[in-house]
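In: With the sequence up front, the predicted model follows.
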Amino acid sequence: PWGYGNEDGPDAWHKDYPIAQGNRQSPIDIIPEEAVHDASLSPIFLSYDYCNSINIYNNGHSVIVEFDDTDDRTVIRGGPLDNAYRLKQFHFHWGGKGNHGSEHTVRGKTYASELHLVHWNAAKYKTFGEAAAGPDGLAVIAIFLEKGDEHRGLHKITDAFYMVKFKGSVADFKGFNPKILLPNSLVYWTYPGSLTTPPLHESVTWIVLKEPITVSEKQMGRFRMLLISGEEEDDRTRMENNFRPPQPLKGRKVRASSN
Ligand SMILES: O=C(Nc1cc(S(=O)(=O)[N+](=O)[O-])cc([N+](=O)[O-])c1O)Nc1c(F)c(F)c(F)c(F)c1F
Ligand SMILES: [Zn+2]
């Protein structure tokens, strides 16, 4: 199995997942001056009003909040997308301390964490798994978390981490609307990329918001109390530094929205 350690980490993933060395891998280092400003890029619309979370879950790689994606109640549309994409789950990537831990970087700048809201193209694919394997199957909104004041919307999530400390644990987590995790501005960069964890499918339209939200050191400490090992295992390895480093751009264009 894969992980983020020395033996099983990102540099070893290509052995089981050769696509790791493909032409549209994620994350990337975003260089704002080189992004193409595309006036035809409409704003992103998030219809999260009837959004309802179902549970929170530790899969040994991250902590995930899953949603009911059996209808179009929670979708994003607009921007680079040709139709509505349904929210399936969100999860985070973070570091061990300080301000590293994000996956995408901006001119080399790293953030303490990065939130991924994973959506799938239910207009074109029948299941998430099928969409995840298609070139236009997924759309992931990435939001940077910068160290600073505590984020009140994050409290509900970090307060639930004690219930999912161990790999494989899942707990009810109803009624959480991720709209409260959005920054004020939805200005974004977008580019064609991949999942940043195995199976690394090249099926993701990335939408990276320029404006970070803030998270306090205390809140980040809660992320680091999560474990990658199961309750029955005797090792207690903390879940931290679960981020893949930036990958080669390989000629891809990054576009910038104007609003
Ligand atoms: O559902 C998935 N979610 C997911 C994506 C990312 S991601 O970082 O790659 N991302 O897209 O944001 C990170 C984590 N995570 O726990 O850290 C995730 O759990 N991945 C996934 C999968 F697990 C499969 F076995 C599979 F066949 C497939 F098609 C998939 F797309
Ligand atoms: Zn992710």
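Out: Nice, thanks for sending it over. Ligands and ions are numbered 1, 2, ... in the order given.
In: Make sure I have this right: residue 33 is in a helix.
Out: Yes - assessed with DSSP: H, G, I helix; E, B strand; the rest coil, residue 33 lies in a helix.
In: how deep is it tucked in, by neighbour count?
Out: Each residue near residue 33 was counted by other C-beta atoms under 10 Å, and the total is 5. Yep, even glycine has a C-beta here, placed from its N, CA and C like the rest.
In: when you give positions from now on, start the count at 57
Out: Okay, residue one is now 57; in that scheme the one you just asked about reads as residue 89.
In: Would you mind listing the residues in contact with it?
Out: Not one residue lies near residue 89 by C-beta atoms under 8 Å, 6 or more residues apart in numbering.
In: likewise residue 232?
Out: Taking C-beta under 8 Å, 6+ apart, we find residue 232 in contact with 108, 109, 121, 212, 213.
In: what about it, which SS state?
Out: Under three-state DSSP, the three-state class of residue 232 is coil.
In: Identify the bridge partners of the nearest residue to residue 242 once chain neighbours are set aside.
Out: Of all residues not flanking residue 242 in the chain, residue 100 sits nearest, at 5.2 Å (C-beta to C-beta, 6 or more residues apart in numbering). Beta-bridge partners recorded for residue 100 (DSSP bridges): residue 134.
In: Helices of this structure, start to end?
Out: 69-72, 184-188, 208-214, 273-279 (DSSP state H).
In: Which parts of the stretch 157-306 of the chain are strands?
Out: Under the criterion DSSP state E, counting those that start in this stretch, strands of the stretch 157-306 of the chain are mapped to 161-162, 169-176, 194-203, 226-228, 244-249, 260-265, 269-271.
In: what does this protein have sitting close to ligand 1?
Out: Contacts of the chain with ligand 1, taken as C-beta under 6 Å from any ligand atom, map to 115, 117-118, 120, 147, 172, 174, 185, 188, 196, 251-253, 255, 257, 260.
In: Could you report the pLDDT at the residue of the chain positioned farthest from its centre?
Out: Distance to the chain centre peaks in the chain at residue 290, reaching 29.4 Å (criterion: C-alpha atoms, centre = their mean). For residue 290, the model assigns a pLDDT of 94.
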